[in-house]
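*Asks:* Sequence and predicted structure below; questions after.
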There are 2 protein chains.
Amino acid sequence: MTTKLEQAMSATGARVEALMSGLLVVHEGPEQTLWAAMRYGCLNGGKRLRPFLVCESARLFGAADVPALRTAAAVELIHCYSLIHDDLPAMDNSDLRRGRPTVHRQFNDAVAVLAGDGLLTMAFEVLADPETHPDPGVRCALVAALAGAAGPVGMVGGQMMDLVAETTRFDLAETTRLQRGKTGALIGFSAEAGAILGEARPDERAALGAYARDLGLAFQIADDLLDVEGSAVDIGKPVGQDAAAGKATFVSLLGIGEARARAAALADQSARHLDRFGDKADHLRAVARFVIERRS
Amino acid sequence: MTTKLEQAMSATGARVEALMSGLLVVHEGPEQTLWAAMRYGCLNGGKRLRPFLVCESARLFGAADVPALRTAAAVELIHCYSLIHDDLPAMDNSDLRRGRPTVHRQFNDAVAVLAGDGLLTMAFEVLADPETHPDPGVRCALVAALAGAAGPVGMVGGQMMDLVAETTRFDLAETTRLQRGKTGALIGFSAEAGAILGEARPDERAALGAYARDLGLAFQIADDLLDVEGSAVDIGKPVGQDAAAGKATFVSLLGIGEARARAAALADQSARHLDRFGDKADHLRAVARFVIERRS
């Protein structure tokens, strides 16, 4: 039932992946392992959800293709760096990602640290480049928003809370705040990026922000459900890790039934923030259903 | 004999440190350890050489104080993140930095990874902020130049070469290229940043770039000499590590005498690139002597 959406996501994903591949052309020499590791950590058939949000939100305001694709690539570079560092032995100590050895297992820990650092840095180089938008004011707004979302008050702060959650039992409010940082902030940037690129009105940007906030939480609750109910083969990484680590999740806090109901309610609510955009937002509405119905 | 320079460096360092301290105000909550670690890794009495280069090069073109100080803080955030990640067990595995336990020893490896990621991300947030310069074109130029210098073709690439140098014997050309990336790129950005802020002519920016290239290499040769001849108490970290690791250094490749002569020649040469700037560049000239005469 999500075939049309999946086709659109896959088409956008392929274009963004081609652009990333061009950005990550291997530089020969002693440093070529760094480039190989960055490619390995990025060009691995991810869902490219965040790039899709960027491109679809950009379409609402008639923003041009290249700016949207380059912004999408920048967000995905950040997302991929965060997975590489998150998988490190010092962090989640994960051996598998999308069905393949993680970067530090395929290369080594030091290369994984540097590959993450390199991707994070390149994301801002991509955004600041005049190719991303002719107006430097727009480019600076993208850099500021992405850095805010990815940094200590956003994603990195959420990662820190996630570390603390290993030894402290979080309640629902703290778990929600953790996830708003860890996954919500970057999803939020992705949905708002189209409004920045299209120089939309503040209320239009705010509507996309509200959509993303509900979407991000629905996404995370669905993730917690998959960790309990999903198959390691479908997901490409081990399941049951949060429960084994004794971490609070939306499922452990709410129970499976209530968690599923809440994810569905949030998905509905997120779609309603898009009413003003009419048919043009159909893909974004479909994403809201997709994130709670996905199997991986 | 460097007293006047040291006073100026110390005054600039204090102003930049105050600005960094304001940027790194601890956010209360489960993530406060992240902020504590970022502060610990940054506010530790470093020499602040890179900030000084930014502020002094900005002065050549009459750039305003706040833009220079904020750009200086951004470079130092990047420098400090690179030290935190470089000290990790997966990398250099260093226990001491500036006479204190390294970030991963004071906190833990996971917090050190995240603190580095957070500082790296914040550097771009600082540059993209309108407070850094009223002209978004200048801010974008700073973001692009810093990301280029800090990323895979700059500092991170140099770090990767440094890993390879542990198992491959580099010759003089490769060692030079390694150091141009690992330390030279960020020093180069620092000296050119003033030209970007002051919207200097391309040939003026190029002169500062040439100054920085020679200065960076002189700095690194002096570092290699300190690793052989220096005192661990003065330097605040163990000495003799490169030799113990069997890594090629300028000293192992050239011998002590030739290395010292080359550092002195490079320092002289770097100062000559500043001839066109007259007395205003006296501090920058003094820096060239300082880097080869320092004891730590």
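*Replies:* Received, thanks. Numbers count the residues shown, from 1 in each chain, chains lettered A, B, ... in the order given.
*Asks:* Share the number of residues neighbouring A:Q32, please.
*Replies:* 14 (other C-beta atoms under 10 Å in any protein chain shown). C-beta here means a position set from N, CA and C on the backbone, and glycine is covered the same way.
*Asks:* hmm, I was thinking of A:T121
*Replies:* Neighbour tally, A:T121, other C-beta under 10 Å: 28.
*Asks:* Enumerate every residue touching it.
*Replies:* B:120, B:147, B:150-152, B:156 (C-beta atoms under 8 Å, 6 or more residues apart in numbering or on different chains).
*Asks:* any chance of those in a markdown table, plus secondary structure, distance to chain A and pLDDT?
*Replies:* Below are these laid out as a markdown table (DSSP: H, G, I helix; E, B strand; the rest coil; distance: C-beta to the nearest C-beta, whole Å; pLDDT from 0 to 100):
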| residue | secondary structure | distance to chain A | pLDDT |
| --- | --- | --- | --- |
| B:L120 | helix | 6 | 98 |
| B:A147 | helix | 4 | 98 |
| B:A150 | helix | 5 | 98 |
| B:G151 | coil | 4 | 98 |
| B:P152 | coil | 4 | 98 |
| B:V156 | helix | 4 | 98 |
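*Asks:* Turn the residues you listed into TSV, including neighbour count.
*Replies:* Output for these, formatted as TSV (neighbours: other C-beta atoms under 10 Å in any protein chain shown):
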residue	neighbour count
B:L120	29
B:A147	28
B:A150	29
B:G151	22
B:P152	26
B:V156	30
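*Asks:* got those residues as a markdown table, with distance to A:M91 columns?
*Replies:* Formatted as a markdown table, those follow (distance: C-beta to C-beta, whole Å):
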| residue | distance to A:M91 |
| --- | --- |
| B:L120 | 16 |
| B:A147 | 24 |
| B:A150 | 22 |
| B:G151 | 22 |
| B:P152 | 22 |
| B:V156 | 19 |
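*Asks:* where in chain A is pLDDT low?
*Replies:* For chain A, the stretches flagged by pLDDT under 70 are A:1-2, A:231-244.
*Asks:* Residue for residue, what is the longest helix it has?
*Replies:* helix A:202-229 (DSSP state H).
*Asks:* the helices in the stretch 51-200 of chain A, which residues?
*Replies:* Applying DSSP state H, counting those that start in this stretch to the stretch 51-200 of chain A gives helices spanning A:65-87, A:103-106, A:109-128, A:136-150, A:155-164, A:172-179, A:185-197.
*Asks:* Which of these sits closest to B:L23?
*Replies:* helix A:136-150 (12.2 Å; C-beta to C-beta).
*Asks:* Output the closest one as PDB, restricted to C-alpha atoms.
*Replies:* Output in PDB follows, covering the C-alpha atoms of helix A:136-150 (Å, rounded to 0.1, in the frame of the first residue of the first chain):
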ATOM      1  CA  PRO A 136      24.500  33.300   1.000                       C
ATOM      2  CA  GLY A 137      21.800  34.300   3.600                       C
ATOM      3  CA  VAL A 138      19.900  31.100   2.800                       C
ATOM      4  CA  ARG A 139      23.100  29.100   3.000                       C
ATOM      5  CA  CYS A 140      24.000  30.600   6.400                       C
ATOM      6  CA  ALA A 141      20.500  29.800   7.600                       C
ATOM      7  CA  LEU A 142      20.900  26.200   6.600                       C
ATOM      8  CA  VAL A 143      24.300  25.900   8.300                       C
ATOM      9  CA  ALA A 144      23.000  27.500  11.500                       C
ATOM     10  CA  ALA A 145      19.900  25.300  11.500                       C
ATOM     11  CA  LEU A 146      21.700  22.100  10.800                       C
ATOM     12  CA  ALA A 147      24.500  22.800  13.300                       C
ATOM     13  CA  GLY A 148      21.800  23.600  16.000                       C
ATOM     14  CA  ALA A 149      19.900  20.400  15.200                       C
ATOM     15  CA  ALA A 150      23.000  18.200  15.100                       C
END
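*Asks:* From the contact counts, what lies against that helix?
*Replies:* helix A:65-87, helix A:109-128, helix A:185-197, helix B:109-128, helix B:136-150 (3 or more C-beta pairs under 8 Å, 6 or more residues apart in numbering or on different chains; DSSP states H and E).
*Asks:* Next, the residue nearest to A:D268 when sequence neighbours are not counted: secondary structure please.
*Replies:* Sequence neighbours aside, A:A288 is the residue nearest to A:D268 in space, at 7.5 Å (criterion: C-beta to C-beta, 6 or more residues apart in numbering or on different chains). Judged by DSSP: H, G, I helix; E, B strand; the rest coil, the three-state class of A:A288 is helix.
*Asks:* do the one 4 residues further on as well
*Replies:* Local secondary structure at A:I292 is given as helix here, using three-state DSSP.
*Asks:* dump the residue contacts of it.
*Replies:* A:218-219, A:221-222, A:263-264, A:267.
*Asks:* what does A:E199 give?
*Replies:* Here A:E199 is in contact with A:61, A:138 (C-beta under 8 Å, 6+ apart).
*Asks:* swap in the one 10 residues further on?
*Replies:* Neighbouring residues of A:G209 by C-beta under 8 Å, 6+ apart: A:188, A:191-192.
*Asks:* same question, A:T71
*Replies:* Per C-beta under 8 Å, 6+ apart, neighbours of A:T71: A:54, A:58, A:127, A:132, A:142, A:193, A:197.
*Asks:* at 6 Å what do you get?
*Replies:* A:T71 makes contact with A:54, A:193 under the criterion C-beta atoms under 6 Å, 6 or more residues apart in numbering or on different chains.
*Asks:* Residues of the stretch 151-296 of chain A that sit close to chain B?
*Replies:* The stretch 151-296 of chain A comes close to chain B at residues A:151-152, A:156-157, A:159-161, A:163-164, as judged by C-beta under 6 Å from any C-beta of the partner chain.
*Asks:* Give me the residues contacting stretch A:16-29.
*Replies:* A:32, A:35, A:38-39, A:42-43, A:48, A:51, A:69, A:72-73.
*Asks:* and A:T176, how far is that from chain B?
*Replies:* For A:T176, the distance to chain B (C-beta to the nearest C-beta, to the nearest Å) stands at 13 Å.
*Asks:* Name the residues of the helix or strand harbouring A:Y40 that come out as buried.
*Replies:* Taking DSSP states H and E as the criterion, A:Y40 maps to helix A:32-42. Neighbour counts over helix A:32-42 (16 or more other C-beta atoms under 10 Å in any protein chain shown) mark A:33-42 as buried.
*Asks:* okay, these in TSV with distance to B:D275 next?
*Replies:* Formatted as TSV, these follow (distance: C-beta to C-beta, whole Å):
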residue	distance to B:D275
A:T33	42
A:L34	38
A:W35	39
A:A36	44
A:A37	44
A:M38	41
A:R39	45
A:Y40	48
A:G41	47
A:C42	46
